[in-house]
Each structure stands twice: as structure tokens, then as C-alpha cells.
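> I need the structure of the sequence given here:
(2 chains)
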Amino acid sequence: MKQRNILSIVVPIVLLAIWQIVGSRPGMQAMLPSPSLVLSAWYEWIFGQAGMGLDVYKGTWLANVQYSASRVAVGFVMAMVVAIPLGLMIGWSRITAVMLDPMVQMFRPIPITAWLPFSIAAFGITNMGSISLIFLGGFFAIVVNATQGARDVDKNLVRAALMMGASPWTLLLRVILPAALPNIFTGMRLGLGIAWTAVVAAEMVAVKSGLGYVLWDAYYVGRMDIVFADMASIGMMGFLSDRLIIWIERRVLTWRLLQNH
Amino acid sequence: MSHIHIDQVFKTYPGNPPVRALENIGLDIAPGEFVALLGPSGCGKSTLLNAIASFEKITSGTLTVGGQAMEAPGPDRGVVFQEAALFPWLTVWENIIFGPKAQGLKPADYEEHAGEMLAIMGLNDFKHHLPIQLSGGMRQRVGIARVLTLGSKILLMDEPFGALDAQTRLSMQELLLSVWDRLKPTVIFVTHDIDEALFLADKVYVMSARPGRIESMLQVNLPRPRTIEMTATTAFNEMKLEILHKIRGH
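Below is the predicted model of the structure:
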């Protein structure tokens, strides 16, 4: 076990060392600043005194993380609220499927970034521009998986519920929904990944705050150290939000965990 | 009362060629009667059960329960499924009270009765277990407790013990008989096991496959309450032989 722990950090350390050596060569700062430079820039970005000196990024990290995270949260919750009931209905009712599924399948292949010009045209340079993009990204991932989950419900569970006198509403809420939850969580994890892509893309063009905005802004002024620190921050936020979903999933789907043992 | 009347029932699945799952089925089942539908796989015995449960529509014929045509599944006809079909996300207790809860009854109206059924089926120690934590036999006990809690006058059982090992199957058969003695529901029990049919039922309907039809009926003249020793008597073996001959077409 201990030996494996050591082995697992060998490659990262070697890569980091190469990066440090390459990044420290003259002229590299404008393309690939060394890890130590990135770390110190990141530190200043987080803990520096805002408004002091020439570094405009100092101390603005938390605010930008909050901008991005709150956009992701709002857009993603909206996506969940719309996509989960809709997906269940498409998967469960043939009429809803006939009416809505072709639409979903038609719009789904459009990459999320292709919606950007339209979202700016519709909402301008506002929060809603980026939120609408996050919404779409999360929506398609969740709706498709919720549909699949509702479609795959064991026929005998439905029969059992009807036999026991369940109304269509009870059936949907107390049988179809819980049976589809594992798929819904899969959709949520996928959707959240797409939501972070969407927020970065939207902030780069459609708003003037957040991690995506800083990313592009820092590139323009040649602050590649901030660019790398920003990339790492986005990765970290994506990882943490994924862990959050897993954490919730473990609590909601205890029965499922037991099943897989 | 819940007299089951089935007359000239046909069920054909469209296709090329169409599958004649049920052909000219006729039988009458009196309230409180224990009936077994016996036959090889593909003889339509499950289809007939599903038709009585209103899970499937018949192509033509008459199928009434208590004089009424059945349109939709309901708590009057409790179904015990082959693989129990419990909700894996609910505990044993929550599975058992699903029916009355779904029907909008107040806990005070069903909890006592449900608790009794839990006890009858020997599930007291497993009340808060999830189905996945139970053996196949225990799961099927929950499946039975759940329809008993519904208060169904008719139990439709689709090879409920088919997947159990011999020992467990036997104890489940005995348990079912003791419950039936106490509550006297009408039972329609689908099986392909001759011993099981003879041990449990008052009447055994022998079905044949392609097209699915009832070949013959055998009245089981073993006294009740039945004990396992009866399955080793000459009378039992003679009936078994008779059914074997019917199945083989002698």
C-alpha cells in the first residue's frame, strides 16, 4: 500500500520538475510560467490586499469564485427543476415522448458554446446570459438520463404499484422517480461538468466577472501566471462540486449502494 | 362475493405467425377456493393470471370477478410476483404499507392490520431491513405480507416459490397454507411443479402449450389441514401419476 502511494506520486513530481525547469528558462513566462511563479501569483490573487499596487488581481479570487459558482448553482438548479420532471414524463408517458422527445433530440447535439451569440443577443451582457447557457448545458444532460431512467423502470414494479391501488401521480412520484434516481444522478454529474464549461465560455465573452472572465482578461494582459492559477481554480471547483453531488447521492441512494456490494 | 368466471377467453399476440397464448379458456373459481394452474412454460398460465389481474387485456371472451368485468389492476386482486417485485428503496415495513398509504388511508387505519400481517409472515425482526438485505424466501414473505395487508380477497400467485431452494420452498408452502387456512382468500397459484400444485390446491388445472388451453382438471382429495407427510402417501402418488399421464398425453 505504502509503495503504491509512493509510485502514484512519481509521475506528477517528475512532470512538475520538468515544468519548473522549462518554465524558468528566459522568455518562457509569457507562455508557460514555472509552477513556483503560478503558486505565488495564486497566493497573491487569493490573499493579497485588493487595490494595492499595480496587480489588479490581488485579493479578487474569492469574489470571482463566488460569481462563477453562484451562476453555476442558479443555472444548474433551474436545469434540475425543469429537466427532472420533463425527463420522467418523456420516459413514462408515450404522448409526452411523442410531443417532446424529437425536440430534445434535435437541440441536444448543438454544442453548448454555439448558443453563446444567441444568449448574448437575448440577454445582453448580464448574469442571465451565462445562466441561460449553464441551464442548457445541465438541462440536456439531466433530461436525457431521467428519460432513460423512467424508461428502464422494472415493469413488475409498476404493475405492483397499480395492483396496490396507486394513482398515476403516486406511481410517478413514488415508483418512477425513485427508480430513475440513479440515472438522474448520473445526468446531474455529467450536467455539472458541462455547466462549468458553459460558465467559463460565457464569462469569457458575455460578462465582466468570474473565473472565465479573469482567464481571458489575464491572457490579454499577458499574465499567464494568473491564467494557470485560474485554470487550476476552475478544475478545483469542478472537482468539489462533483464530490458534492456524490456526497448527496450516497445519502439519497443508500439502497443502491447496498445493492452493488 | 368474489366469484371468478372465465368463459371462452382467447388471447392472441399479433405477429407473424400470431401467438395463440390462450385458447378457449373456461373456468369458474368459487370464493375461498385454492386453485393451481399447472403446465410447462409457454402454456399461457402466466398470461391467464395477468389477464385476471388486468395487467393484460384479453382478445375476446368473458372474464368477470364478482359478476363485474375488470378494467384495471386493483387491491381486490393481490398479485404475488415471481421475483417478489419489492421496491428496493423501501424497507420491509414501507413495502408492506405501500398499498394503504397509496390509497390515502391514515396510518391509524392500517398500521395494526399491517403489523399483524408482518407477524403472520414471520417478518417482525426484519421490519427495517431493505429487500436487498433479505434472502429470496424472506423477500417473498414480504411480497405475500404486502397483498395480505391490502386485504385482497383474491390472491394471484405467479410461480412465487419457483426461484427458491427446495427447503425454503417447502417451508413457504406450509406457511402459505397456514395463512390460507386463517384468512381463506381465493388463491390462483401458477406453477410448473406437480408436487407443489397437489400439496397446495383444491383443484389443479392442467394446461398445455401452443396454443395455451386447459387440458383437464383434477380434484385434489387430500384432507385439510395438509401436512408434508401427505406428499408421501399412495393417494398423493396416484394423483401425481394421473397428472403425469395427462401431461404426456396417455
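
> Residue B:189 belongs to a strand?
Yes. Membership of residue B:189 in a strand is supported by DSSP: H, G, I helix; E, B strand; the rest coil.

> Report pLDDT for it.
Per-residue confidence (pLDDT) for residue B:189: 98.

> do residue A:125 as well
84.

> Contact partners for residue B:141?
Residues in contact with residue B:141, defined by C-beta atoms under 8 Å, 6 or more residues apart in numbering or on different chains, are B:121-123, B:172, B:175. Quick note: C-beta positions are derived from backbone N, CA and C, even for glycine.

> Over to residue B:69?
So residue B:69 contacts B:62-63 (C-beta under 8 Å, 6+ apart).

> where's it relative to residue A:2, distance?
Going from residue B:69 to residue A:2 by C-beta to C-beta, to the nearest Å gives 73 Å.

> Ok, residue B:160 next?
Taking C-beta to C-beta, one finds residue B:160 at 53 Å from residue A:2.

> Neighbour count: these two, which is higher?
Taking other C-beta atoms under 10 Å in any protein chain shown, residue B:160 and residue A:2 do not tie; residue B:160 has more neighbours (25 against 6).

> quick one: pLDDT of residue 220?
In the absence of a named chain, chain A is used. Listed pLDDT for residue A:220 reads 94.

> oops, chain B please
In this model, residue B:220 is scored at 95, pLDDT.

> Phi and psi next, for residue 30.
Unless you meant another one, I'm taking chain A. phi -80, psi -10 (degrees, to the nearest 10).

> not what I meant, chain B
Per-residue torsions, residue B:30: phi -80, psi 160 (degrees, to the nearest 10).

> Just the element for the residue nearest the centre of chain B, please.
For chain B, residue B:157 is the residue whose C-alpha lies nearest the centre (C-alpha atoms, centre = their mean; 1.8 Å). Using DSSP states H and E, the element containing residue B:157 is strand B:154-158.

> where do the helices sit along chain B?
Using DSSP state H, the helices of chain B run over B:45-52, B:92-96, B:98-102, B:107-120, B:136-150, B:166-183, B:194-200, B:234-248.

> tell me the contacts of the residue nearest to the centre of chain B?
By C-beta under 8 Å, 6+ apart, the residues touching residue B:157 are B:49, B:79-80, B:187-190.

> Roughly how far does residue B:167 sit from chain A?
Residue B:167 sits 26 Å away from chain A, going by C-beta to the nearest C-beta, to the nearest Å.

> Phi, psi for the residue in chain A positioned nearest to chain B please.
Residue nearest to chain B within chain A: residue A:164 (3.5 Å; C-beta to the nearest C-beta). Taking degrees, to the nearest 10, you get phi -90, psi 10 for the backbone angles of residue A:164.

> just checking, it touches residue B:102?
Yes. Using C-beta atoms under 8 Å, residue A:164 is in contact with residue B:102, at 5.7 Å.

> Close to chain A: what parts of chain B are there?
Proximity of chain B to chain A is confined to B:53, B:55, B:72-75, B:77-79, B:81, B:83, B:85-89, B:98-99, B:102-103, B:130, B:132-133, B:146-147, B:150 under the rule C-beta under 8 Å from any C-beta of the partner chain.

> So which bits of chain A are right by chain B?
Contact residues, chain A versus chain B (C-beta under 8 Å from any C-beta): A:154, A:156-157, A:159-167, A:170, A:174-175, A:178-179, A:181, A:253-256, A:258-259.

> Out of those, name the ones that lie in helices.
Reading helices off these with DSSP H, I get A:156-157, A:159-163, A:170, A:178-179, A:181, A:254-256, A:258-259.

> Can you list the buried residues in stretch A:63-79?
Neighbour-count burial for stretch A:63-79, counted by 16 or more other C-beta atoms under 10 Å in any protein chain shown, picks out A:64-65, A:67-69, A:71-72, A:74-76, A:78-79.

> taking these one by one, which sit in helices?
Secondary structure from DSSP H places A:64-65, A:67-69, A:71-72, A:74-76, A:78-79 of the buried residues of stretch A:63-79 in helices.

> Kindly provide the distance from the residue of chain B found nearest chain A to residue B:182.
Nearest residue of chain B to chain A, counting by C-beta to the nearest C-beta: residue B:99, 3.5 Å away. Distance, residue B:99 to residue B:182, using C-beta to C-beta: 20 Å.

> Could you do residue B:191 as well?
Between residue B:191 and residue B:182 the computed distance is 22 Å (C-beta to C-beta).

> These two: who's more crowded?
residue B:191 (22 against 10).

> Now do the contacts for the more buried one.
Contacts of residue B:191 by C-beta under 8 Å, 6+ apart are B:36-38, B:159, B:161-162, B:197.
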